Structure formats: structure tokens, C-alpha cells
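Engineer: Curious how this folds, go ahead:
(one chain, ligands or ions: 1)
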Amino acid sequence: MRGLAGRRTRRALAAAGVVLLLAASACTGGDDDPEAARVEVFTWWAEGGEKAGMDALVSRFTADCAGQQFTDAAVAGGAGINAKQVLTARLAQNDPPDTFQAHAGAELTDYIDAGRVEDLTGEYDEWGLRDALPQGLIDDLTVDGKIYSIPANVHRANVVWSNPQVLSEAGIHAEPKTITAFLGDLEKLRKAGIEAPLALGRDWTQLMLLEAVLITKLGAERFAGLFTGATSWNSSAVSAGIRDFDKLVKYSNADRDSMDWPDAERLLIDGRAGYQLMGDWEAADLTAKGFPAYDWFTFPGNGDAFQWLADSFVLATGAPNPDGTKCWLSTVASAEGQRAFNAAKGSIPARTDTPTDGFSAYQLAAVEDWKAATPVPSCAHGSACSQAWQNAVNTALSAYSTTHHSVVALQKALAAAATQFVKQE
Ligand code: GAL
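Structural biologist: This is a model prediction of the structure:
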């Protein structure tokens, strides 16, 4: 019922909008039926490089889809930490946005299994996407032979960003190749007066750090096995990884649990930290925030593992404007849409035939890395694990970071989550 109420509110707002639009239509040519032509797009891209990416996509949509209007339903909060809760509530109330952002892989499968998204297999054929997208990505979007979303990009999670001036002032001139060397550099920074040299944020950003450490400890294949049941969370290699993670956390800011990733990023920009592990949306965000002088390296010991995630857009079941939404999706799917979006967002295009003009040096390097890399999925960003599993792991990290600080208790909680959520194929 609240869904209906939500729709009524939107109608009332739309009706009020009609008056304004009619007043404006004398100049713009107007819109015959503004309510029917709105496409409500639900994401968590609300500021910085993320918003810049969205704005670029919206410009293409406006050019491609005459008569359709974009409605921004973004809910701020990195990794969708708030947005996913709002979306879950809206879907439960049968009040879906027209389209929403969903990560390729396990997270998307949640929505497919719950019947929340429409089959787009026909559009894949119509728009020639089977040839334009890598087969591996298509596989991650497919369930029982059907494809349910349009990928906009591929992001890399396992990257360390640095403030070169801070490092140089502490006498650090090379990237660390091992976790031990990284810990050594963090100690050097601390001795040079940087109290919390590793900028860190809340639960899901801690999960990203832990995942990067576990990729080093286990290697790409055994790491991926943590989420299929093939690798045990109780092994001594995982224990050693969690101990290293704990050492790294001890070099981070004490107020981490109250910080989203852009707050932690601010510590790096302001020279109060030397490093931050974060996905490569950070490259575009650092530039958007006036700090293009960053440097980066793959997390020490990860080798050629490219921890990937992909943002994709769906046609929600019961979308109020399916035709307009398909036009939005065709813009997302197009090479020009992907170029414009990714140039601003910092990711690499999902389409392999996308021109790369306007891409940063980091992005051009990522495009090349992706071709030769070993792909590894991410739990923090839904390619490896379901939302329920993600929530359990985030809860475990939050308890560790805010309360018990025990590596043993953390490992137990992570192992319990795996037992509960690993899918029995
Ligand atoms: C990821 C998402 C990225 C970026 C990031 C930080 O989950 O895939 O596009 O938005 O969160 O919010």
C-alpha cells in the first residue's frame, strides 16, 4: 500500500511539474505527456566522479531518446550501502523504479531469482550485444540461458591509491611488492609524523582491504573458491591473511567506522594519509575533486589478479515506463554511451569496441591490464557473493573494527557466513 502512496506522491509531483513544464514549453517545445515519459533511474551515484559519470550518460540519453525524461533516484552511500536497502523496500512494496543499478554476478542473480527484473535476451540480439561484450561478462549476467541486464562498465577493486608528495617526504620512492614491504612503508610514514597513514572507511571498505589481502595469501583461484565452497574459510592461510589485515588496520584512522569512502579519500587528498585501497572509481573522483596528482599500484602480492565488478542496469518488473527504460538501456549499451559514461566514471567500458578518447592515463592502463589479467570476483561489490552474504560479512567486519578487535572471532564469523550462504549447486 505504501507503494501506491509513493506512486500517488510522484503523480502529485508530476502534476505540479506539468504546470511548470507547460510554462516552460513555450521556450523548449515542451513535452506532451511528462508523466508517461519519465524514466526513473535508481543508483547510488550522487556526487564526485560517480555523479559526473551519471551526468555524461544522461546527456547521451537526452540526445538519443527524444521525448523521454531522466528522473534521478540516486541514494547516496558508497557501494550502494544505503541504496540497496531503499531498493529492497521499494521492490517489496511493488513500487519499482524503471531501472536500477545492479552488480553483475551473484548480486544480480538475487534479483533474477526473486523475479524483480525482466528478460532482455531479445534486446541483446537486437542491439548486437553478444558480439560487443566479452563472453565471460555475458555468462555472469545470464541465468538459465536468459540475460537480464545491460553492463555499463568494468571496475577494478584491488588498487592502492597514494599521495606521492606525502610518500616522498617520508623517503618512500617505490611501490611495495609484498605485504611486509607495505607494512614497512606504513611504519615509515608513521615515524615521519603521519599518524594514520592508511586511509580506511566503514565495513565494506574494510572488506575490500581484507579481500585484497586474501588474494595475496591464497592466489586468484583459491580466493574465488572462498565464495563457491571450494576453499575453506577455516584454513591457516586465511588465518594468516586476517592477521595481516589486522596489522594493516592498525595503521588506519581510528574514526574509520563512521567514514564512507570519499571521507577516507579526503584524508589522502589533504595529506593526512599516504595510501588508500579503493576501487578505480577513485581515479575519476580524485580528478573531480581537484587532485589529479595521485599515483596507484595493484595491491602488493596480487600479481595479475584483476578484481573486477560491473555495474549493470535492468528493466524492473512492473516498470512504469518500459519503452522509455528500453531507450535508457540502449544508451547504456551503445559504444558512444559507454565512452561518455566511462571517461567520466573512471571505469573501463564493458563493450570491447568502445573508443577510448577522453580516458585518463590510469584508465588506458586498466584497459590494457584487463586484456591479460586473471579475473577475480569481489564480494564487497556483488560479483562474488549475494547481498545476504555481503551483509553478514560487513556485520562481522563492523563488529571486529568497532568492538572486539579479535582476529579469531572475525575468522569464525566469516566462516559461519560462508556455511550459511554458500550456494549448494
Ligand atoms: C561500487 C560501484 C561503483 C562505485 C562504488 C563506490 O559498488 O560498482 O560504480 O559506485 O561502488 O560507490
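
Engineer: how much space is there between W296 and R190?
Structural biologist: 21 Å (Cβ to Cβ, to the nearest Å). (C-beta placed from N, C-alpha, C; glycine too.)

Engineer: so how far is T231 from G219?
Structural biologist: For G219, the distance to T231 equals 10 Å [Cβ to Cβ].

Engineer: What of L133?
Structural biologist: 29 Å.

Engineer: And the two? Which one has more around it.
Structural biologist: L133 (22 against 19; other Cβ atoms under 10 Å).

Engineer: pretty sure the more buried one contacts T352?
Structural biologist: Yes. Between L133 and T352 there is a contact under Cβ atoms under 8 Å: 7.3 Å.

Engineer: about what we covered before: settle it for me: which of W296 and R190 has more neighbours?
Structural biologist: A direct count of neighbours by other Cβ under 10 Å for W296 and R190 places W296 higher, at 21 against 17.

Engineer: dump the residue contacts of the more buried one.
Structural biologist: For W296, the contacting residues are V159, V160, W161, S162, D280, A283, Y362, by Cβ atoms under 8 Å, 6 or more residues apart in numbering.

Engineer: One more: E187?
Structural biologist: Neighbours of E187 in contact, by Cβ under 8 Å, 6+ apart: Y251.

Engineer: In which helix or strand does it reside?
Structural biologist: helix 179-191 (DSSP states H and E).

Engineer: pLDDT averaged over that helix, what's the number?
Structural biologist: Here helix 179-191 scores 98 as its mean pLDDT.

Engineer: Report the backbone C-alpha coordinates of that helix in CSV.
Structural biologist: This file holds the C-alpha atoms of helix 179-191, laid out as CSV (Å, rounded to 0.1, in the frame of the first residue of the first chain):
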residue,chain,number,x,y,z
ILE,A,179,52.5,-7.0,2.3
THR,A,180,55.6,-7.0,4.6
ALA,A,181,57.1,-4.2,2.5
PHE,A,182,53.8,-2.3,2.6
LEU,A,183,53.7,-2.6,6.4
GLY,A,184,57.3,-1.3,6.4
ASP,A,185,56.3,1.8,4.3
LEU,A,186,53.3,2.4,6.6
GLU,A,187,55.7,2.4,9.6
LYS,A,188,58.0,4.8,7.8
LEU,A,189,55.1,7.2,7.3
ARG,A,190,54.1,6.9,10.9
LYS,A,191,57.6,7.7,12.0
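
Engineer: How is this protein divided into domains?
Structural biologist: As assigned by automatic domain parsing, the chain contains the domains 15-155+311-360, 156-307+378-424.

Engineer: wait, does the first one contact the ligand?
Structural biologist: In other words, domain 15-155+311-360. Yes. Against the ligand, domain 15-155+311-360 shows contacts by Cβ under 6 Å from any ligand atom at W44, W45, E50, G78, A79, G80, H103, H155, D311.

Engineer: which of those residues lies closest to S398?
Structural biologist: Nearest to S398 among the residues of domain 15-155+311-360 next to the ligand: A79, at 13.7 Å, using Cβ to Cβ.

Engineer: just checking, the closest one touches S378?
Structural biologist: No. At 9.7 Å, A79 does not count as touching S378 under the criterion of Cβ under 8 Å.

Engineer: what ranges do the helices span in the stretch 251-400 of the chain?
Structural biologist: 261-269, 281-288, 322-333, 335-345, 361-372, 387-399 (DSSP state H, counting those that start in this stretch).

Engineer: I meant to write the stretch 51-200 of the chain there.
Structural biologist: Counting by DSSP H, counting those that start in this stretch, the helices of the stretch 51-200 of the chain are 83-92, 106-113, 121-126, 129-132, 135-141, 164-169, 179-191.

Engineer: Let's have the ones you listed in a markdown table, adding distance to L268.
Structural biologist: Below are those laid out as a markdown table (distance: least, Cβ to Cβ, whole Å):
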| stretch | distance to L268 |
| --- | --- |
| helix 83-92 | 24 |
| helix 106-113 | 28 |
| helix 121-126 | 40 |
| helix 129-132 | 36 |
| helix 135-141 | 31 |
| helix 164-169 | 8 |
| helix 179-191 | 12 |
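
Engineer: Give me whichever of these is most buried.
Structural biologist: helix 106-113 (a mean of 21; mean count of other Cβ atoms under 10 Å).

Engineer: Can you give the contact residues for it?
Structural biologist: For helix 106-113, contacts defined as Cβ under 8 Å, 6+ apart pick out 102, 117, 140-141, 143, 148-149, 227, 312, 314, 381-390.

Engineer: Just the buried ones from those residues?
Structural biologist: Neighbour counting over the contacts of helix 106-113 (16 or more other Cβ atoms under 10 Å) leaves 102, 117, 140-141, 148-149, 227, 312, 314, 381-387, 389-390 as the buried ones.

Engineer: Among these, name the ones in strands.
Structural biologist: A102, S312 (DSSP state E).

Engineer: right, and Q307 touches V213 too?
Structural biologist: No. The pair Q307 / V213 is not scored as a contact, 11.8 Å apart, by Cβ under 8 Å.

Engineer: G53: neighbour count?
Structural biologist: 27.

Engineer: surely it meets P349?
Structural biologist: No. If you go by Cβ under 8 Å, G53 and P349 don't touch, sitting 11.6 Å apart.

Engineer: hey, what's in contact with both of those two?
Structural biologist: Joint contacts of G53 and P349 (Cβ under 8 Å, 6+ apart) are F341, N342.

Engineer: Quick check: which ranges of the chain have low pLDDT?
Structural biologist: 1-36, 424-425 (pLDDT under 70).

Engineer: How far off centre is stretch 321-337?
Structural biologist: Averaging C-alpha positions (Cα atoms, centre = their mean, to the nearest Å) puts stretch 321-337 20 Å from its chain's average.
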